[in-house]
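[1] Starting from these lines, generate the structure:
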Amino acid sequence: MLSLRQYRGGSNLTIWITGASSGIGQALAITFAKKGAKIILSGRNTEKLEAVRRSCKNKKKHIIVPFDISDAEQAKEAYETAKAKAGKIDWLINNAGISQRSLIMETEEAVERQLMEIDYFAQTRLTRLVLPDMIAQGGGKVVMISSVAGLLGTQYRGAYGAAKAAIHMWANSLRAELHHQGIEVATVFPGFIQTNVSINALTGDGTTQGTMDEATDNGLRANTFAKRTVKALSNDEEYIIVAGTKETLATRINRLSPPKLYSLIRDLQVK
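    Modelled structure (predicted):
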């Protein structure tokens, strides 16, 4: 089992973060690096990953492993590369993903499958690659970045919300199965965060939206999200909602009265 010191605040940890080239992945990398962690930065764009590495404290000790997470062979090769370069992986933060902005009746099945492939299957595949060595070294932590959309169904996010709910449930089962083997599992549920998530979101025919949602533009700053998330993970929290006041209130209403929440959502026409 890894020492308590390694788990508190990120000191002495080697943390692999996917989707690290921008947004909350970038913010998490910079925040963990300030805590002393060694970061393995992954994404598809090497130049962007290099820019993130330069933004991290002690930039020379961090590692870049670019790959396409939706490609199974690339994922396997990336894991072998990450392990060879870093020596060990203490935490895996499954952050890579893509969002959606289209009504269910206007979304092609192929787009739904693409969302599920990236936001669910790619995450579980990478986790299964990492787990055997993580167990053998005495323990580790797997972090799934889900979404408030995985807790609350809203318009324009049907398949995205379904994928994020699926990864949440999968994480719950993983936690139950591997707890006694030293594996900690945490799930983070971001609300609206000021990133390019809505610009890159898929529409019904698979093209990207290309514009910023008002709600996203008014969301939490990415560095605020990262600070709150790093603190919660360092305190061994397992179920972490990091969101604005409205989204947080919505999750509470959902626990008390789902019909009340969905009557509100219908009137709001969230997009």
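[2] drop to CA atoms for contacts and neighbour counts, all remaining ones
    OK.
[3] ok, which stretches of the protein are helices?
    4-7, 23-34, 46-55, 72-86, 109-116, 122-136, 158-178, 214-217, 222-234, 245-256, 258-268 (DSSP state H).
[4] Relative to residue 145, which of the ones you listed is closest?
    Closest to residue 145 of the helices of the chain is helix 158-178 (C-alpha to C-alpha; 8.2 Å).
[5] For the closest one, list every residue counted as buried.
    Within helix 158-178, the residues scored as buried using 16 or more other C-alpha atoms under 10 Å are 158-168, 171-172, 174-175.
[6] Nearest to residue 143 among those?
    Distance to residue 143, by C-alpha to C-alpha, is smallest for residue 171 among the buried residues of helix 158-178, at 8.5 Å.
[7] Quick check: closest non-adjacent residue to that closest one.
    Closest residue to residue 171 apart from its sequence neighbours, by C-alpha to C-alpha, 6 or more residues apart in numbering: residue 185 at 6.6 Å.
[8] That neighbour: neighbouring residues, count only.
    25 (other C-alpha atoms under 10 Å).
[9] What of residue 67?
    Residues near residue 67, counting by other C-alpha under 10 Å: 21.
[10] what's the answer for residue 245, then?
    Neighbour number of residue 245 under other C-alpha under 10 Å is 11.
[11] doesn't residue 107 make contact with residue 158?
    No: under the criterion of C-alpha atoms under 8 Å, residue 158 makes no contact with residue 107, lying 9.2 Å away.
[12] re earlier: of the buried residues of helix 158-178, which pair is most distant in space?
    By the measure C-alpha to C-alpha, 158 and 175 form the most distant pair in these, at 26.0 Å.
[13] Confidence-wise, which helix or strand of this protein is lowest on average?
    When the helices and strands of the chain are compared on mean pLDDT, DSSP states H and E, helix 4-7 comes out lowest with a mean of 43.
[14] Please tell me how far residue 83 sits from residue 71.
    Separation of residue 83 from residue 71 (C-alpha to C-alpha, to the nearest Å) stands at 18 Å.
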